[in-house]
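Trainee: model the structure of this input:
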Amino acid sequence: MGKKRILISAFACHPPTSSEHQEEEKILGSGESILGWNLVKQISRIHEVWVITQRRNAKGIRRAVDQGEMADVKFCYFDFPVWHRTLWYWQISLHFYYYFWQIFAFLKAKKLHRKNHFDLVHHITYANYWMPSFMGAFLKIPFIWGPVGGGQKTPPGFYKEYSLGGKISELVRGISQWIGIKLLYSRSRCLRRSKAILVCNQETKNKIPEKFKEKVQNFPVTGIGQDALRPDRYVQKDHNIFSVITTGRLVHWKNFAEALTAFHIFFRKYPQSQFFIIGDGPEKDRLETMSSELNLKNHVHFISWLPQNELFKRMCQSDVFLYPSLREGGGAVVIEAMASGLPVICLDTAGPGFHIRKEWGIKIEPRNPDFVVGGMAQSLEKLYEDKDLRQQMGIKAYERAKDYYLWDRLGERLQNIYRDSLEKDRK
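Mentor: The predicted model follows:
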């Protein structure tokens with residue numbers, strides 16, 4: 001397959017943020033944005049690429065281009081013309097804004113297609129199975145959709161653990177899913193027109209209607225660069241403190257409150273321990289209050305945000321990565337922890353459950369909140385007591401990350417998907 005002209009829809013697309021730009025760009029450095037950036041980079045290695053993304057990404061992208069990254073990619077910036085800064089801070093309003101952004105971005109894509117005659121359109125971010133891609137649905141060229149997620153749901157019995165705001169958010173999400181699946185013609189058209197549907201977890205795969213299942217392929221929503229691999233992690237640490245780390249946006253469905261409760265149970269037996277919670281979000285005040293009430297203030301450390309390289313260093317100084325998310329579509333930080341040689345404790349659901357196997361982590365069935373809290377506490381104890389197991393799991397985690405999740409390897413898989421999709425279109 002020779003060089004093709006590829007149009008990419010990547011609402012979230014931003015290079016990893018650096019320490020000198022962390023304040024202005026920290027909200028842009030999400031897993032979705034890094035996914036968009038790295039898949040564009042992989043596609044542009046072979047093909048001629050145009051990307052439609054939101055204007056707020058422009059500053060960081062231009063800075064990276066000026067430094068020599070992806071200079072040949074044509075970035076087209078577009079914002080839906082409403083005041084939207086506040087919308088970005090709330091998941092519900094963000095998806096509302098994104099839906100209308102897509103409509104107007106499609107109109108821009110039509111003009112670009114008339115001028116450039118694209119061979120294929122690929123919708124990368126945001127990608128939910130219940131939310132349509134207007135470019136994929138209505139541009140009359142071969143279409144790749146994904147990696148898509150969104151099939152994961154909060155397990156029954158956990159809603160009561162959410163704050164009022166969290167419960168409202170889950171209710172609105174459920175209504176939005178129902179509308180997207182049942183009422184949106186554009187979404188059903190995406191399913192029909194796609195040459196390949198890439199899914200990032202089993203729950204989403206199960207949601208794709210049976211008649212379209214032959215189009216479905218597993219494809220992770222996250223990857224890592226060579227700089228994330230830390231083979232020196234295996235050197236025995238020279239300290240007596242058992243260090244647990246977690247990171248992510250502090251929102252209700254990531255379930256950090258139960259992780260904090262589990263650490264408290266573990267800490268009562270093993271007080272030579274500390275817990276680092278790295279991230280920011282609407283649940284932060286609640287978590288800090290919990291930490292104080294549990295008398296953990298000197299042992300639980302909240303860090304609002306770290307640049308990627310500093311996060312990797314912090315992971316390498318830790319013993320275990322604890323990730324309690326209830327419905328994480330991908331779980332980029334799980335892969336980063338694996339690349340840092342850390343055993344992972346997570347729930348056996350959605351993205352993290354998809355990534356972790358018993359050789360390099362411990363998965364806990366999300367039966368109910370008490371079972372999960374107890375399971376996390378017991379898993380911490382198991383890894384605390386058995387240093388050899390901890391190290392063996394860390395080595396296996398590193399090897400899995402190196403063999404499967406490097407962006408270059410994912411890029412090679414994507415090239416094969418493009419080739420097969422274009423061949424299908426010619427038949």
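Trainee: for stretch 327-343, how far is the first residue from the last?
Mentor: 20 Å (C-alpha to C-alpha, to the nearest Å).
Trainee: try stretch 143-163
Mentor: OK, stretch 143-163 end separation, C-alpha to C-alpha: 40 Å.
Trainee: show me what the longest helix along the chain is packed up against.
Mentor: If you go by DSSP state H, the chain has its longest helix at helix 91-116. Secondary-structure packing of helix 91-116 (3 or more C-beta pairs under 8 Å, 6 or more residues apart in numbering; DSSP states H and E): strand 5-10, strand 48-53, helix 134-138, helix 164-183. Heads up, the C-betas are built off the backbone N, CA and C, glycines and all.
Trainee: next, format those as TSV and append mean pLDDT, distance to Glu293 and mean neighbour count.
Mentor: TSV is the format used below for the helices and strands packed on helix 91-116 (pLDDT from 0 to 100; distance: least, C-beta to C-beta, whole Å; neighbours: other C-beta atoms under 10 Å):
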stretch	mean pLDDT	distance to Glu293	mean neighbour count
strand 5-10	95	42	24
strand 48-53	96	43	23
helix 134-138	92	48	24
helix 164-183	72	19	14
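Trainee: domain map for the chain?
Mentor: According to automatic domain parsing, the chain comprises the domains 5-221+406-426, 226-404.
Trainee: redo the helices and strands packed on helix 91-116 as a markdown table? Include distance to Lys297.
Mentor: Formatted as a markdown table, the helices and strands packed on helix 91-116 follow (distance: least, C-beta to C-beta, whole Å):
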| stretch | distance to Lys297 |
| --- | --- |
| strand 5-10 | 41 |
| strand 48-53 | 41 |
| helix 134-138 | 49 |
| helix 164-183 | 24 |
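Trainee: and those: which comes nearest Ile34?
Mentor: strand 5-10 (11.2 Å; C-beta to C-beta).
Trainee: partner strands of the closest one and their direction?
Mentor: Strands that pair with strand 5-10, judged by DSSP bridges, come out as strand 48-53 (parallel), strand 120-125 (parallel).
Trainee: tabulate these (TSV), appending distance to Phe75.
Mentor: Below are those laid out as TSV (distance: least, C-beta to C-beta, whole Å):
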stretch	distance to Phe75
strand 48-53	5
strand 120-125	14
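Trainee: so which of those comes closest to Val373?
Mentor: strand 120-125 (33.1 Å).
Trainee: what's next to the closest one, contact-wise?
Mentor: With C-beta atoms under 8 Å, 6 or more residues apart in numbering as the test, strand 120-125 has contacts from 4-13, 32-33, 35-36, 39-40, 43, 109, 133, 135-136, 139, 141-147, 418, 421-422.
Trainee: mind giving me the PyMOL command for buried ones among the residues you listed?
Mentor: Those of those that count as buried under 16 or more other C-beta atoms under 10 Å are selected in PyMOL with:
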select buried, resi 4+6+7+8+9+10+11+12+13+32+33+35+36+39+40+43+109+133+135+136+139+141+142+143+144+145+146+147+418+421+422
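Trainee: follow-up on the earlier one: out of the helices and strands packed on helix 91-116, which gets nearest to Cys316?
Mentor: The nearest among those, by C-beta to C-beta, is strand 5-10 at 30.4 Å.
Trainee: which residues of this protein score low on pLDDT?
Mentor: 1, 17-30, 81-93, 159, 161, 178, 182-183, 230-239, 425-427 (pLDDT under 70).
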